[in-house]
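Undergrad: Task: produce atomic coordinates for the following.
(chains A, B and C)
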Amino acid sequence: MRGLQMRLEGRRLVRAVANRPDMRWPLPVALVDTLVGARVIGFRRRAKYILMRLDSFWSVLIHLGMSGRMVIGPAGRNAVTPHEHLELETDDGWRVGFVDPRRFGSVDLVETAHEDAHRLLAGIGPEPLDDAFTVKVLEAALAGKRTPMKAALLDQKVVAGLGNIYVSESLYLAGISPLRLAGTVPGLRARRLVPAIKATLTEAIAAGGSTLRDYVQPSGELGYFQQAWKVYGRAGEPCPGCPGEPTCPGVRRIVQSGRSTFYCPRTQK
DNA sequence: CAAGAATCCTGTCAGC
DNA sequence: TGCTGACAGGATTCTT
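TA: Residues are numbered from 1 along each chain as shown, chains lettered A, B, ... in the order given. Predicted coordinates:
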């Protein structure tokens, strides 16, 4: 969102082209007409959605799905991939493309005054970096739940914006087993989990932000935060919390509701 | 009602 | 080199 913001905020859109309407949900018929001629007046993020506000009382709601990315470059160049489903061009000569090979992403229009009433945003849980996301709030959301913690944190109604990677990372940092039933977490563990989630996301955003600051590479390489992963994708490696610990079994990979989970069986209970 | 499975789609990578 | 199958950062919808 910040990458888009610095290129688009304050600019007028002089061109918009929808190359493929069949995303996760069909692009709204009025999308191109709404975009062309509009000025971008601001950005907001909610959960994993980007909201781009126009001066016409409309906001553009963007979700990147699993494979989506925004590419930014000088205007006049052709699409860099056949998967650039939406193209925008600014009045100061920049071009922004929405690239999404798997097309799990989506773009929709919503009235700015009623953004949070959009069906995709209604019912989503608290923003993890808000002060309103407290131990008390998390405990209330987990109370009585019989799902494993992995599934509970992936549930956007419990807390907004955690994906598969950050769930593993947050649980590792908090010393909580991904297998533990959510209803048993309130108490000591919830008190550790809230700061663990905040720290994980803050660090990831800082790492991502550092490459977005000079973005432009249309390759869209994201390589940044991977360096900082403690357990995700590290099956078999000794986990960072157990240096020299002879009983450390190393990071283990399991599958929970069809998704990979990585954790340390020794430190996460 | 809640929880797990199936589903959408394409690219990449390991193994043969 | 080329083929096949497994798997991938998400989230809704269907089934149990």
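Undergrad: What backbone torsions are found at the residue nearest to the spatial centre of chain A?
TA: With distances taken as C-alpha atoms, centre = their mean, A:Lys48 lies nearest the centre of chain A, 4.1 Å away. The phi/psi pair for A:Lys48 (degrees, to the nearest 10) reads phi -100, psi 20.
Undergrad: Tell me the pLDDT of the closest residue to it other than its chain neighbours.
TA: Closest residue to A:Lys48 apart from its sequence neighbours, by C-beta to C-beta, 6 or more residues apart in numbering: A:Gly161 at 5.6 Å. (C-beta placed from N, C-alpha, C; glycine too.) Confidence at A:Gly161, expressed as pLDDT, is 90.
Undergrad: surely the residue nearest to the centre of chain A meets A:Asn164?
TA: No: judged on C-beta atoms under 8 Å, A:Lys48 makes no contact with A:Asn164 at a distance of 11.8 Å.
Undergrad: Contact partners for A:Phe133?
TA: Applying C-beta atoms under 8 Å, 6 or more residues apart in numbering to A:Phe133 gives the contacts A:126-127, A:159, A:194, A:197-198.
Undergrad: if we go to 10 Å?
TA: Contact analysis of A:Phe133 by C-beta atoms under 10 Å, 6 or more residues apart in numbering lists A:125-127, A:141, A:159-160, A:194, A:197-198.
Undergrad: coming back round to it: what's the neighbour count on the residue nearest to A:Lys48?
TA: 19 (other C-beta atoms under 10 Å).
Undergrad: before we move on, back to that, there's contact between the residue nearest to the centre of chain A and A:Gly163 in this structure, I believe.
TA: Yes: using C-beta atoms under 10 Å, A:Lys48 is in contact with A:Gly163, at 7.2 Å.
Undergrad: Name the residues contacting each of the two.
TA: Common neighbours of A:Lys48 and A:Gly163 (C-beta under 10 Å, 6+ apart) are A:Gln156.
Undergrad: gap between the residue nearest to the centre of chain A and A:Val159?
TA: Remark: distance between A:Lys48 and A:Val159 (C-beta to C-beta, to the nearest Å) = 12 Å.
Undergrad: Mind listing the shared neighbours of the two?
TA: In contact with both A:Lys48 and A:Val159: A:Ile124, using C-beta under 10 Å, 6+ apart.
Undergrad: ok, back up a step: surely the residue nearest to A:Lys48 and A:Glu127 touch.
TA: Yes: here A:Gly161 reaches A:Glu127: they are 7.0 Å apart, a contact under C-beta under 10 Å.
Undergrad: so what's in contact with those two at the same time?
TA: Contacts common to A:Gly161 and A:Glu127, judged by C-beta under 10 Å, 6+ apart, are A:45-47, A:201.
Undergrad: Filtering those residues by proximity to DNA strand C, which remain?
TA: A:Ala47 (C-beta under 7 Å from any atom of the strand).
Undergrad: of all the shared contacts of A:Gly161 and A:Glu127, which comes closest to DNA strand C?
TA: For the shared contacts of A:Gly161 and A:Glu127, the residue nearest DNA strand C by C-beta to the nearest atom of the strand is A:Ala47; the value is 6.1 Å.
Undergrad: so the closest one touches A:Asp130, yeah?
TA: No: with contacts counted by C-beta under 10 Å, A:Ala47 stays clear of A:Asp130, the gap being 11.7 Å.
Undergrad: which one of the two has more residues nearby?
TA: A:Ala47 (17 against 11).
Undergrad: quick one: the more buried one from DNA strand B, how far?
TA: A:Ala47 is 18 Å from DNA strand B, where distance means C-beta to the nearest atom of the strand, to the nearest Å.
Undergrad: could you list every residue that touches that residue?
TA: A:63, A:120-121, A:124-128, A:156, A:159-162.
Undergrad: can you tell me which of those residues are in strands?
TA: If you go by DSSP state E, those have A:His63 in strands.
Undergrad: Redo the contacts of A:Ala47 as TSV? Include distance to DNA strand C.
TA: As requested, the contacts of A:Ala47 are exported to TSV (distance: C-beta to the nearest atom of the strand, whole Å):
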residue	distance to DNA strand C
A:His63	6
A:Leu120	5
A:Leu121	9
A:Ile124	8
A:Gly125	11
A:Pro126	15
A:Glu127	13
A:Pro128	13
A:Gln156	6
A:Val159	11
A:Ala160	9
A:Gly161	8
A:Leu162	7
